[in-house]
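> Sequence first, predicted coordinates after that:
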Amino acid sequence: MGKFEGCNFSDHLKHIDEVIFEFEQRFADFKELESDLSLFTHPLTIQIESVKTEYQIELCDLQSDPFYKERQVQLLLIHEELGDRKPSQVLRHLCNIAGQMVPDYFLRTICRERRSSAHRYRSRSRSRTPKSNYCWYHNRFDVRANKCNEPCSFKSGNDNGSH
């Protein structure tokens with residue numbers, strides 16, 4: 001503990017409780033507005049008629065703003081996680097988020113590209129570290145090599161002059 005030895009925090013509990021109470025009071029309004037504000041998470045996918053009248057103008061402004069639409073598409077393309085979804089589910093999800101601002105063929109291309117990049121894999125065969133003093137043929141074929149390039153320090157079992 002070091003620096004806090006001898007400190008009596010119980011003297012400060014009353015002040016801490018007051019701060020917590022004040023914080024809860026100030027932000028209580030946000031709790032009430034939380035469901036309304038969540039509309040603005042993906043405003044391009046919301047039907048304007050389905051929300052309260054007081055939010056319709058803001059949603060309409062956002063949905064018609066070309067900068068905001070472009071930004072949403074960028075986020076969609078860059079950050080949207082595919083997860084374990086099937087390709088048809090991914091396409092449906094991207095269509096829901098993008099709404100009418102991106103053509104279907106473009107979303108299909110994105111799905112195809114992202115799926116192919118997700119399925120790239122490394123070879124299951126173990127990579128071998130090349131022996132630096134062997135030629136390419138002996139590194140590749142070992143004792144079965146039919147050719148040899150100098151310099152090569154490979155020694156065959158029957159040292160008769162040829163590898």
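Nice, I can see it. Since we're looking at a predicted model, the values are computed, not measured. Residues are numbered from 1 along each chain as shown.
> mind listing the helices for the chain?
Applying DSSP state H to the chain gives helices spanning 13-26, 28-37, 53-64, 66-79, 87-98, 104-118, 136-141.
> Minimum distance to residue 151: which of the ones you listed has it?
Between residue 151 and the helices of the chain, the tightest spacing by Cβ to Cβ is seen for helix 136-141, at 11.3 Å. Any C-beta I mention is one placed from the backbone N, CA and C, and that applies to glycine too.
> Remind me what the closest one packs against, helices and strands.
Using 3 or more Cβ pairs under 8 Å, 6 or more residues apart in numbering; DSSP states H and E as the contact criterion, helix 136-141 has no neighbours among helices and strands.
> average pLDDT across it?
Mean per-residue pLDDT for helix 136-141: 86.
> before we move on, what about stretch 85-96?
The average pLDDT within stretch 85-96 is 76.
> Check which residues of that stretch are buried.
Within stretch 85-96, the residues that qualify as buried are 90, 91, 93, 94, 95, counting by 16 or more other Cβ atoms under 10 Å.
> CA atoms only: put that stretch into PDB for me.
Below are the C-alpha coordinates for stretch 85-96, written out as PDB (Å, rounded to 0.1, in the frame of the first residue of the first chain):
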ATOM      1  CA  ARG A  85     -22.300 -16.200 -41.300                       C
ATOM      2  CA  LYS A  86     -23.200 -17.900 -44.600                       C
ATOM      3  CA  PRO A  87     -22.600 -15.800 -47.700                       C
ATOM      4  CA  SER A  88     -26.300 -15.200 -48.200                       C
ATOM      5  CA  GLN A  89     -26.600 -14.000 -44.600                       C
ATOM      6  CA  VAL A  90     -23.600 -11.700 -45.100                       C
ATOM      7  CA  LEU A  91     -25.100 -10.200 -48.200                       C
ATOM      8  CA  ARG A  92     -28.500  -9.700 -46.500                       C
ATOM      9  CA  HIS A  93     -26.800  -8.000 -43.600                       C
ATOM     10  CA  LEU A  94     -24.800  -5.700 -45.800                       C
ATOM     11  CA  CYS A  95     -27.900  -4.900 -47.800                       C
ATOM     12  CA  ASN A  96     -29.800  -4.000 -44.600                       C
END
